[in-house]
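Colleague: Build me a model from this:
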Amino acid sequence: MRRIHHPILFTALFLAGCGDSTGQSTKPATTPTPSDTMSQYDHSANPYYSHTDTAKLEVPLSEWKRILPDDLYHIAFEKGTERAFTGKYWDFEGIGTYACAVCGNVLFQADSKFASSCGWPSFFQPERKDAIVYHEDRTFGMVRTETTCGRCGAHLGHVFEDGPKPTGLRYCINSVSLEYLPGR
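Modeller: I've put the predicted structure just below:
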């Protein structure tokens, strides 16, 4: 397969959720096991983290910066994106739920996760209507729909209209933005 070397085209494909643009999977040799996929972060210093509280949070960015790990803060509040095929959950399959790694807001059930081959965890519907908020994103010369947590406002990823039935949607979410909660 021919590699794409044009930097603008590569960036556009990457940001559109197409991953590595070479068409070749860079999947790691092993898939994480449930014992590997417990919490990515220590939430003991985060008084806002809850799987049951859905009340909107208004926390200053300086407070989030103080209590969150650097990688999570970068993705969540500087709208970063992890490299395709590198996140902890992009190809993980387990029974449970996925919550916002910043505040614990439950976002997706594992049975709405599907293999999209884009290199990020993909889901076809959120847990509940208010779990996610949508914003027009016109960065990088494209028009996309950004998804943020309905509770804390953290950047999660984007949603595209190329997913499976029944919704036809593909929520393309950064693994860093998620916490897997087994068996919930």
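Colleague: Kindly give the local confidence score, pLDDT, for the nearest residue to Trp120 once chain neighbours are set aside.
Modeller: Distances taken as CB to CB, 6 or more residues apart in numbering place Cys172 nearest to Trp120, at 4.9 Å, with adjacent residues excluded. All C-beta spots, glycine's among them, are computed from the backbone N, C-alpha and C. Cys172 carries a pLDDT value of 97.
Colleague: got it, and the one 3 residues further on?
Modeller: Per-residue confidence at Ser175 stands at 96 (pLDDT).
Colleague: and if you look at Thr22?
Modeller: Here the pLDDT value assigned to Thr22 is 33.
Colleague: ok, now Phe140?
Modeller: Phe140 is assigned a pLDDT of 88 by the prediction.
Colleague: residue boundaries of the helices in the protein?
Modeller: Under the criterion DSSP state H, the chain contains helices at 7-13, 61-67, 70-77.
Colleague: Mean pLDDT lowest where, among those?
Modeller: Sorting these by mean pLDDT places helix 7-13 lowest, at a mean of 43.
Colleague: on that earlier part again, what about the residue nearest to Trp120, how many residues nearby?
Modeller: Residues lying near Cys172 (other CB atoms under 10 Å) number 28.
Colleague: ok, now Ser62?
Modeller: Residues near Ser62, counting by other CB under 10 Å, number 7.
Colleague: residues contacting it?
Modeller: Ser62 makes no contacts at all, as judged by CB atoms under 8 Å, 6 or more residues apart in numbering.
Colleague: Roughly how far does it sit from Gln125?
Modeller: 34 Å (CB to CB, to the nearest Å).
Colleague: try Glu93
Modeller: 17 Å.
Colleague: For Cys100, which non-adjacent residue is closest in space?
Modeller: Closest to Cys100 by CB to CB, 6+ apart is Cys149, at 4.3 Å.
Colleague: per-residue confidence for the one you found?
Modeller: If you check Cys149, the pLDDT there is 98.
Colleague: which residues touch it?
Modeller: Counted by CB under 8 Å, 6+ apart, Cys149 has contacts Cys100, Val102, Cys103, Asn105, Leu107, Ala131, Ile132, Val133, Leu156, Ser177.
Colleague: Now do the contacts for the first one.
Modeller: Neighbour list for Cys100: Leu107, Cys149, Arg151, Cys152, Ala154, Leu156, Ser177, Leu178, Glu179 [criterion: CB under 8 Å, 6+ apart].
Colleague: Give me the neighbour count for the closest residue in space to Pro121 that isn't next to it in sequence.
Modeller: The shortest distance from Pro121 to any residue other than its chain neighbours is 4.5 Å, reached at Tyr89 (CB to CB, 6+ apart). Look at Tyr89: counted by other CB under 10 Å, it has 23 neighbours.
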